[in-house]
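Asker: Curious how this folds, go ahead:
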Amino acid sequence: MLRLGPCAAAAARCLPAGPRPGPLCLAGSRGSFARSRPPAGDCEPLSRQVGAAAGGERAPVLKTPKGTRDHAPAQAALRDRLLSAVVSCFKRHGAAAIDTPVLELRETLIGKYGEGTKLIYELQDQGGELLALRYDLTVPFARYLAMNKITNMKRYHVAKVYRRDNPATTRGRYREFYQCDFDIAGQFDPMIPDAECLKIVHEILTDLQLGDFVIKVNDRRILNGVFAICGVPESKFIPACCTVDKLDKMPWEEVRSEMVGEKGLSPEAADRIGEYVQLHGGLDLIERLLQDPKLSQNKLAKEGLGDMKLLFEYLTLFGITGKISFDLSLARGLDYYTGVIFEAVLLQQENEHVEEAVSVGSVAGGGRYDGLVGMFDPKGRKVPCVGVSIGIERIFSILEQRLEASGEKLRTTETQVLVATPQKHLLAARMKLISELWDAGIKVDIPREKLIDEIRRRLEP
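Answerer: Numbering: from 1, shown residues only. Presented below is the predicted three-dimensional model:
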């Protein structure tokens, strides 16, 4: 059994990324991930807290950590149904399941998420190895491909990830939450895997009947081309990209102000960017931008627009272009995206049981990350990849509120048979019958004695 001293037990925790005040030492037994500050005297206040929590001074406050939650049986049953629907779609498209550790080396994750890096939880083991809780499932997948020298794979992965974010539980935003990822790695004809990922998003959101939605698509090459022709230095592409990504939450005037005041762009460059990133449409917009005298002269933008046109042709064959919008404001703030990017957004929630719309933001997102695997390969060998992540927690928050508003009761067990007898002396026969049913693969439960008494009472003449 793992035993920690009072100081170590109180100090065991995940530390967020960022500056660490003061020297840190490890505390605890083998296998623990605990950090405390020397000298030993500094642990006395913590020791008193632990003693109080153990019953010395006052009872502890029982609650889950900020940004986490328990799932009662009804909630767990609803989540299982949701996950089953998503996984069924992944399997229908030929994906195989994998699993990776919840812990990764710190160096594996740092530098892959742009501004999101500050949201990574960091840990340190007793040997001094720097670790981190996984931030998403994409970077661990790229590490897995590079480590095992895999060049072709279609996979799905359902697991929890961790972010030191400001939680908003009513909007389905937590610090611990599930992600459901589908990815295609390997060489394929251009835009076919990308189109399949968008088709999967369309299938899942349609099957779940969440209401009207739109899938926004863009290409990082087009966005970088816009920055280039607008006079933005290449060193500021990523900061500018992160700011543009806020256009779905902020008006253009505030985005422009941040570009100029915080990111160091000139007012003229910001104004020129605004002429492009506020555009959205379909194939007609792609054709118009291909004729743009400035954008068409940029190599990256021209490549991106050509692929976007091909993508729309495939999406037309799939019959889903009615839900697709080519939106130049879509940026996706993660550093590892290199090509097509996309994000699904619920437009409204129409439900007779819900008075107000449930605001949950995007419910799926992804894109192409052709350079990520090469970051982990000793020889820098790249593996083209594209994938999508379904926002399970945000979708769950919608379904949960609908269920509560409707008053519908969700069955939490799969019991097929309850075995009861009107006479108490038949207990042995009842137990034998239950065992035979279990052995036959039938789902049987033993009723509570209170329920059996109620059955007996009703059977009395």
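Asker: from here on, contacts and neighbour counts on C-alpha atoms
Answerer: OK.
Asker: before we move on, what SS does the residue nearest to residue 318 when sequence neighbours are not counted have?
Answerer: Nearest in space to residue 318, with sequence neighbours left out and distances taken as CA to CA, 6 or more residues apart in numbering, is residue 199 at 7.3 Å. Secondary structure of residue 199, reduced to three states by DSSP: H, G, I helix; E, B strand; the rest coil: helix.
Asker: The stretch 301-450 of the chain: helices as residue ranges?
Answerer: 392-406, 427-439, 449-459 (DSSP state H, counting those that start in this stretch).
Asker: Quick one: list the elements packing against the longest one.
Answerer: In terms of contacts (3 or more CA pairs under 8 Å, 6 or more residues apart in numbering; DSSP states H and E), helix 392-406 is packed against helix 73-92, strand 176-185, strand 362-368.
Asker: Identify whichever of the ones you listed lies nearest to residue 387.
Answerer: Closest to residue 387 of the helices and strands packed on helix 392-406, according to CA to CA: strand 176-185, at 3.9 Å.
Asker: The closest one pairs with which strands?
Answerer: Strand 176-185 has the following strand partners under DSSP bridges: strand 153-162 (antiparallel), strand 385-390 (antiparallel).
Asker: Which helix or strand in the chain has the lowest average pLDDT?
Answerer: Between all helices and strands in the chain, the lowest mean by mean pLDDT, DSSP states H and E belongs to strand 25-26, at a mean of 38.
Asker: count of neighbours near residue 279?
Answerer: When neighbours are counted by other CA atoms under 10 Å, residue 279 registers 12.
Asker: now it: how far from residue 225?
Answerer: Between residue 279 and residue 225 the computed distance is 15 Å (CA to CA, to the nearest Å).
Asker: again with residue 235
Answerer: Residue 235 is 13 Å from residue 225, by CA to CA.
Asker: of these two, who's got more company?
Answerer: Neighbour comparison, residue 235 and residue 225: the larger count goes to residue 225, with 24 against 8 (by other CA under 10 Å).
Asker: Show the model's pLDDT score for the nearest residue to residue 106 once chain neighbours are set aside.
Answerer: Nearest residue to residue 106, sequence neighbours excluded (CA to CA, 6+ apart): residue 131, at 4.5 Å. For residue 131, the model assigns a pLDDT of 96.
Asker: Turn the strands paired with strand 176-185 into CSV, including mean pLDDT, mean neighbour count and distance to residue 120.
Answerer: Below are the strands paired with strand 176-185 laid out as CSV (pLDDT from 0 to 100; neighbours: other CA atoms under 10 Å; distance: least, CA to CA, whole Å):
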stretch, mean pLDDT, mean neighbour count, distance to residue 120
strand 153-162, 97, 19, 7
strand 385-390, 98, 26, 18
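Asker: Compare these and give me the one nearest residue 213.
Answerer: Closest to residue 213 of these is strand 385-390 (CA to CA; 13.8 Å).
Asker: Give me the residues contacting that closest one.
Answerer: If you take CA atoms under 8 Å, 6 or more residues apart in numbering as the criterion, strand 385-390 is touched by 179-186, 193-194, 197, 201, 363-370.
Asker: residues contacting residue 228?
Answerer: Each residue near residue 228 by CA under 8 Å, 6+ apart is listed here: residue 234.
Asker: Now do the SS call for it.
Answerer: Three-state call for residue 228 (three-state DSSP): helix.
Asker: Look up how far residue 459 lies from it.
Answerer: Relative to residue 459, residue 228 is positioned 83 Å away (CA to CA).
Asker: one step back: so which of the helices of the stretch 301-450 of the chain is nearest residue 337?
Answerer: Nearest of the helices of the stretch 301-450 of the chain to residue 337, taken as CA to CA: helix 392-406 at 21.5 Å.
Asker: Export the closest one to PDB, keeping only CA atoms.
Answerer: Extracted C-alpha coordinates of helix 392-406, given in PDB (Å, rounded to 0.1, in the frame of the first residue of the first chain):
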ATOM      1  CA  ILE A 392     -18.100  15.400 -26.200                       C
ATOM      2  CA  GLU A 393     -18.500  17.400 -23.000                       C
ATOM      3  CA  ARG A 394     -20.200  20.300 -24.800                       C
ATOM      4  CA  ILE A 395     -22.500  18.000 -26.600                       C
ATOM      5  CA  PHE A 396     -23.200  16.200 -23.300                       C
ATOM      6  CA  SER A 397     -24.200  19.500 -21.600                       C
ATOM      7  CA  ILE A 398     -26.800  20.100 -24.300                       C
ATOM      8  CA  LEU A 399     -28.300  16.600 -24.000                       C
ATOM      9  CA  GLU A 400     -28.200  16.700 -20.200                       C
ATOM     10  CA  GLN A 401     -30.100  20.000 -20.100                       C
ATOM     11  CA  ARG A 402     -32.700  18.700 -22.600                       C
ATOM     12  CA  LEU A 403     -33.200  15.500 -20.500                       C
ATOM     13  CA  GLU A 404     -33.700  17.400 -17.300                       C
ATOM     14  CA  ALA A 405     -36.100  19.900 -19.000                       C
ATOM     15  CA  SER A 406     -38.200  17.100 -20.500                       C
END
